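Colleague: Next come a sequence and a model predicted from it.
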2 protein chains.
Amino acid sequence: MPNDVGHEIADALAALLRRDTRTRLYRRLTEGLGEAVDEITYPVLSGLARTGPRSAADLAGEIGLDRSGVTRRATRLEDAGLLRREPDPHDRRATLLALTEAGQRTVDATRRRLAAHIEASLASWPPAEARAFAHQLQRFVTDGPFT
Amino acid sequence: MPNDVGHEIADALAALLRRDTRTRLYRRLTEGLGEAVDEITYPVLSGLARTGPRSAADLAGEIGLDRSGVTRRATRLEDAGLLRREPDPHDRRATLLALTEAGQRTVDATRRRLAAHIEASLASWPPAEARAFAHQLQRFVTDGPFT
DNA sequence: AGATTAGCGTGCGCGGCGCACGCAGCCTGT
DNA sequence: ACAGGCTGCGTGCGCCGCGCACGCTAATCT
């Protein structure tokens, strides 16, 4: 493999990980979905949508955050009606975080928007190439230098 | 184009943009390079390496940050000997930020590490496929839903 | 039953960030 | 030439996200 491949991907990754890139993307995806959902709070919604109701500590471990942060974000989302705290039936001290219907709709809308943006930017690609790229990207992210 | 491609890439991107993914990657890349260089200060070094000496305001525009932030980071890097402030010969009120030799070496080492990690994770790929992926990724990042 | 542990929310301090001010140097009009 | 506006820089200020640690409640262990 030519070693310029590494640098080429490195440059692309650097551009991708840039702060304002992330901020702009989040802003675009969450625009008009209410004040409570933004770059800070969305990972809580998204993580909850992935696995269903779960505890704050559990969710914190997944998104690489302290429990206190998850608690505070959850409170904000709860105030906005996107999230609901329900007592764990098996453990009376525990409280499970669960999406409300509005929260689920918000997550769906956001993910749909992102997918639409991606597909729009891939519109001019040959379908087979786009499909191959998607698989390679996924493989690269899971196997890549990020674990 | 099948619409699951959009969602597949969306999932990969979400994993890539996760906070701890970024933090871990930065930590690995800057390990042992001194206390001053980290996720916060590195973009200044990197941006400077890209275009040569330039003003703080100019650099701030590129990395999507306020000038004050660049100034503060630059001061930290200056204290660590990685960066040098030199007066602009054409404008006596302006100061140009420039990498020292140590700063340049730090950037080179970091980029080399990232490229090495990437290539290692692509070691099992057919070379042609890796090359194609690199080009597609670059194209996707520049044309993609990030502008 | 008493002691230890687990889960949660919150107060506290740290640090990054944007905003706005003050100062120094440039530039344009008269 | 000089006076006013403009530009570039650094810094103080306030906001906010974040990790740490405490107190409280409830489960679990001996």
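Modeller: Noted; the coordinates are in hand.

Colleague: got the residue ranges for the helices in chain A?
Modeller: Ranges of helices in chain A, per DSSP state H, are A:4-17, A:19-30, A:42-51, A:56-63, A:67-79, A:101-121, A:127-143.

Colleague: Quick one, which of those helices gets closest to DNA strand D.
Modeller: Closest approach to DNA strand D among the helices of chain A (C-beta to the nearest atom of the strand): helix A:67-79, 3.3 Å. In short, each C-beta sits where N, CA and C put it, glycine included.

Colleague: The closest one near chain B anywhere?
Modeller: No: contact of helix A:67-79 with chain B is not found when judged by C-beta under 8 Å from any C-beta of the partner chain; the minimum separation is 10.1 Å.

Colleague: ok, now stretch A:104-113?
Modeller: Yes: contact of stretch A:104-113 with chain B (C-beta under 8 Å from any C-beta) involves A:Arg111.

Colleague: what comes up buried for that stretch?
Modeller: Residues A:Thr106, A:Val107, A:Thr110, A:Arg111, A:Arg113 are the ones in stretch A:104-113 that count as buried (16 or more other C-beta atoms under 10 Å in any protein chain shown).

Colleague: same deal with stretch A:27-36?
Modeller: A:Leu29, A:Thr30, A:Leu33, A:Ala36.

Colleague: hang on, the earlier thing: between the buried residues of stretch A:104-113, which is nearest chain B?
Modeller: Chain B lies nearest to A:Arg111 out of the buried residues of stretch A:104-113, by C-beta to the nearest C-beta, at 6.2 Å.

Colleague: How about that closest one, nearest residue that isn't a chain neighbour?
Modeller: Nearest residue to A:Arg111 in three dimensions, chain neighbours excluded: B:Ala10, at 6.2 Å (C-beta to C-beta, 6 or more residues apart in numbering or on different chains).

Colleague: shouldn't that neighbour be in contact with A:Ala115?
Modeller: Yes: counting by C-beta atoms under 8 Å, B:Ala10 touches A:Ala115, with 5.0 Å between them.

Colleague: Appreciated, that's everything.
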